[in-house]
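Asker: coords please:
(chains A, B and C)
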Amino acid sequence: MRFHFSRADLRDWGLWPAVLWTTLFFALPLAAMLAMSFAERVAGKITFTWTLANYAAFFTRAGGTFVQALINSLEVTILATILSILVAYPLAYILAYRVPAKWRRILLVLIVLPFWTSYVIRSYSWLLVLSQNGIISQTLLDLGLIAQPVGLGNSRFATVLGFVHFFAMLLTLTIFANLIQIKDSYRRAAADLGANNWQVFWHVTLPLSLPGVAVGAFLTFVLAIGDYITPQILGGNRELLLPQAIMLQIGRQADFPLASALSMILMLVVTVAFLVSAKRLKMERV
Amino acid sequence: MAEATPRVSLKGIAKSYGETIALAETNLEIAAGEYVVLLGPSGSGKTTLLSILGGFVEPSGGRVWIDGSDVTDLPPARRPTATVFQDYALFPHMSVSANVAFGLAMRRLARAQRLRKAEEMLALVGLKGFGERGVHQLSGGQRQRVALARAIAVDPAVLLLDEPLGALDLGLRRQMQEELVRLQRQLNATFVHVTHDQEEAMSIADRVVVMKDGRIEDMGSPSRVYLKPASLFTARFMGENNLIEGQVIGSVNGQAAVDTVLGRLLVDQPAAAGEKVHLALRPEQLRFSAELGAQALGDAEIIEFSFQGTHFRVHCRLAGRELMARVPAEGPPMAGEMLPLYARAGDLVLLRQ
Amino acid sequence: MRAQAKVIRWTDGVALLYFALALLFIFLPVGSLILFAFQDGLAPVPPFKGPTLQWFDKVLHNRRLMEALWNSVLVGGVSSLVATFLGFLAAFSLARRDWRFARGAQLLLMAPITVSYLIIGMGLQITFNMMGVDRSLLAVGIGHVVINLPLCFAIVYSQLGEHQANIERAARDLGAKEWQVVALITAPMLWPTLLAAYFIAFTLSWDEFVIAFLLSRFDVTLPVVIWGLLRSGLSPELNAAGTLVFAISVAIVLAVELLLWRGRKAVANG
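Answerer: Numbering: from 1, shown residues only, chains lettered A, B, ... in the order given. Down below sits the predicted model:
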């Protein structure tokens, strides 16, 4: 009878397969990586010597290349996050308050449609637009604004642009979702009490929409700082971001211990970002 | 009373959404210091009227005057009105005192001054010392008071209250009704209050405006509207009523004689012969003896009754009509018993279609 | 006549302009991708010459691309099925029973979302290496279940409200066995949600590159092949391949949108 009970009641065992899967194929690999980050590669063989050499290498190896990669990553990611918010907020605001309700859904679908292009192909598409004989260069030439073709690809600018393109869509969604949840009566009450449009926005709408901004900004930061594809395709090899550095260690060098240590550092940065934004979110609620 | 400029004057105000008429052409004047209640079922246009007054809804026609100036084209921010919203709309990211001081901050009052005023307003609504709390720490009744304090803090010429007590439970609602009246007297302010609760309307209003289908059906003091309703709808909507159809035979000395299923009845109102009318009589106005010239209606059979504390509510039948009566608590009725019914000409109300 | 009719605020014009510019920004890369897929020439850059279908023809006859396409469908199809199934089981169990460690379990299940695909892929690579498991499409599929499970779980969990719980209670009350409750009540009520979760997972797997790159060897998925083609620079053939991938993704997304819309309508009518 007990057997029957435990077999039949999904509520009792349904949780376990997913937990098992996540433990086996997510938590365990992370633990393996953590262990690996303390290992050493001697003559192509990996031995677990519990050394901090890989973390030391982060600071010292190749004249500080890795520290510089982290700094580059942080700069690019923070810049991309801020620009994405600046692009997305007005868009979400217009969508929530200026667009007639019946148009909202279709416009929303339209805005996020390119979200569904393959990530690799989206970066490639920007390469098309930014290349020396691409659309932007050609248009500027035709307008007589520049004399020589300009290649905008293979640069930090291109990487940030690619990020902003992708994450502005994401942020538009999270901010929009937040804005339409703000009760209409808050804005009406503010207007009723003498606030002009600007004051309504500054004192009511903006503070109440900050949770949506924080969620979107956090996602943007996390996804962008760990992304390898966009900087690899659009940034060229002018500068190295941390994911590129990690990939180099696995690919060309097959140095898994160092790659693991770099990954742990990347995860640490993300954790700090999470704690910061969680604190911010909690403050907003009070 | 001298003909002073009314505080509020609505002239020919109307609102329609496409084909749907939310508010037919309406005129209404409200005196300074008056407590007016807009009463009606949902869809009666009472909220539309309030929203037009507050500037949240643009009228399709007509003008709104406040203190002699035309405010029809002014946005809510620039009207001398303040609204207490149905859901209170307290800003969740601000403290109680920041909420109350919000309107003053928008008017660029110095910080110290507006905090003092906020304290004053909170004391007025019985929330002294609550200023530092967050809105989410308050109970429903306390939120209601904060919303009130926030609205009166800007010294509005007219305070608009949109079903302000709808979210409170019954006991709290009765208590808040008394406080609203006290506050209104104390400030000598003009309140316009929307509700669908006729008991609430009667207990707080100086004047009740009964609305139905976008029109004003009746308007007057609560006792007048209750005892002498001007329309069939009002008679039905304001508490229980017995309604009897009849035809006018003729009028003598300002009294009409009306033929009904209960026989020929005299009413203290003139009417033209042949007119089809309704006679309305409150349950508590049905009498059981021929005192003071009451007219006999006949013996009614008691069908069922329920005890209401001060009286029995009796459901009885007379000449195939069901009537509601109130029997004093001392004389308990019995089902099947016959009850002699009488009505005074002065209590009967003659209503045209 | 009426105040609102006569005031066309200047901010409306600004809003419209901003919206138009934003759409231009959003569609500029995809637009040029699609346009130059029809380029009658060797370089997918202006001026536009064409249109021609030769690049699509070439893509459709590229055996490596077509094999990779099939691999992608296989990996996406199966891994999404597993992710949706596991996500549903976990969501149902968490929503319908009081677990002492419910919050911890939720955190664990959602955690992969915050970790870079690169790190997840590398961790799996290291682990499989240690266990002596070879890189393969199966390994890629396992990785894709890891990244999609949190999404599927969250989507289903958000839809398992009290309303459904009451209907399930009613069914139990009427004598339905537990498996009957799930099979006859819960799953049918949730089917638009489950399908949406499945297809969202599918598009993400379909697009995913890093994990597929790290965990596959001889049989590879479409994004990995496209990545390889990138090395030879801009080419209309790449545009055509990208356009096809985009078209398939959009078709799936629109199908899901339609599905959810009809689901909502059914709920609204029912």
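Asker: wait, doesn't B:A24 sit right on B:R215?
Answerer: Yes - if you go by Cβ atoms under 8 Å, B:A24 and B:R215 touch, sitting 5.0 Å apart. Just so you know, the C-beta spots here come from the backbone N, C-alpha and C atoms, and that holds for glycine as well.
Asker: interface residues of the stretch 151-300 of chain B facing chain A?
Answerer: Contacts of the stretch 151-300 of chain B with chain A, taken as Cβ under 8 Å from any Cβ of the partner chain, map to B:151, B:154.
Asker: In the stretch 151-300 of chain B, what residue lies closest to chain C?
Answerer: Across the stretch 151-300 of chain B, no residue is closer to chain C than B:G214, which sits at 18.4 Å (Cβ to the nearest Cβ).
Asker: Enumerate every residue touching the spatially closest residue to that residue that is not a sequence neighbour.
Answerer: Distance criterion Cβ to Cβ, 6 or more residues apart in numbering or on different chains; nearest residue to B:G214, sequence neighbours excluded, is B:G45 at 3.9 Å. Going by Cβ atoms under 8 Å, 6 or more residues apart in numbering or on different chains, B:G45 touches B:15, B:22-24, B:26, B:211, B:213-215.
Asker: ok, back up a step: determine the number of other residues adjacent to the residue of the stretch 151-300 of chain B closest to chain C.
Answerer: B:G214: 22 surrounding residues under other Cβ atoms under 10 Å in any protein chain shown.
Asker: so it touches B:A22, yeah?
Answerer: Yes - assessed by Cβ under 8 Å, B:G214 is found in contact with B:A22 at 5.7 Å.
Asker: Which neighbours do these two have in common?
Answerer: B:15, B:45, B:48.
Asker: For those residues, give me JSON lines that also has secondary structure, distance to C:P44 and pLDDT.
Answerer: Below are the shared contacts of B:G214 and B:A22 laid out as JSON lines (DSSP: H, G, I helix; E, B strand; the rest coil; distance: Cβ to Cβ, whole Å; pLDDT from 0 to 100):
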{"residue": "B:K15", "secondary structure": "strand", "distance to C:P44": "58", "pLDDT": "93"}
{"residue": "B:G45", "secondary structure": "coil", "distance to C:P44": "63", "pLDDT": "91"}
{"residue": "B:T48", "secondary structure": "helix", "distance to C:P44": "59", "pLDDT": "93"}
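Asker: Which of those residues lies at the shortest distance from A:I182?
Answerer: B:T48 (23.7 Å; Cβ to Cβ).
Asker: quick one: contacts for residue 59?
Answerer: Unless you meant another one, I'm taking chain A. A:F59 touches A:66-67, counting by Cβ under 8 Å, 6+ apart.
Asker: The chain in question should be chain C.
Answerer: Listed by Cβ under 8 Å, 6+ apart, the contact partners of C:V59 are C:65, C:237, C:240-241, C:244.
Asker: give me the number of residues near B:M106?
Answerer: Using other Cβ under 10 Å, the number of residues around B:M106 comes to 20.
Asker: wait, isn't it in contact with A:N197?
Answerer: No - counting by Cβ under 8 Å, B:M106 stays clear of A:N197, with 11.9 Å between them.
Asker: okay, B:A24 and B:R215: which has more neighbours?
Answerer: Set B:A24 next to B:R215 and count neighbours by other Cβ under 10 Å: B:R215 wins out with 17 against 14.
Asker: Got phi/psi on that one?
Answerer: Main-chain dihedrals, B:R215, degrees, to the nearest 10: phi -130, psi 150.
Asker: go on, A:L70?
Answerer: According to degrees, to the nearest 10, A:L70 has phi -60, psi -40.
Asker: I'd guessed it sits against A:V269; true?
Answerer: Yes - applying Cβ under 8 Å as the test, A:L70 and A:V269 come out as touching, 7.4 Å apart.
Asker: In terms of pLDDT, where does B:D197 sit?
Answerer: pLDDT recorded at B:D197 is 90.
Asker: make that B:R185, sorry
Answerer: Confidence for B:R185, expressed as pLDDT, is 92.
Asker: Please give me every residue in contact with the residue of the stretch 151-300 of chain B closest to chain C.
Answerer: So B:G214 contacts B:15, B:21-24, B:26, B:44-45, B:48 (Cβ under 8 Å, 6+ apart).
Asker: B:K11: how many residues sit nearby?
Answerer: Every residue meeting other Cβ under 10 Å relative to B:K11 is counted, giving 16.
Asker: With adjacent residues omitted, what lies nearest to it?
Answerer: B:R63 (5.1 Å).
Asker: So that neighbour, which state does it fall into?
Answerer: strand (DSSP: H, G, I helix; E, B strand; the rest coil).
Asker: Any figure for the gap between it and chain C?
Answerer: 11 Å (Cβ to the nearest Cβ, to the nearest Å).
Asker: Tell me how many other residues surround B:S223.
Answerer: Count around B:S223 with other Cβ under 10 Å applied: 10.
Asker: What pLDDT is listed against it?
Answerer: 91.
Asker: Which helix or which strand is home to it?
Answerer: helix B:222-227 (DSSP states H and E).
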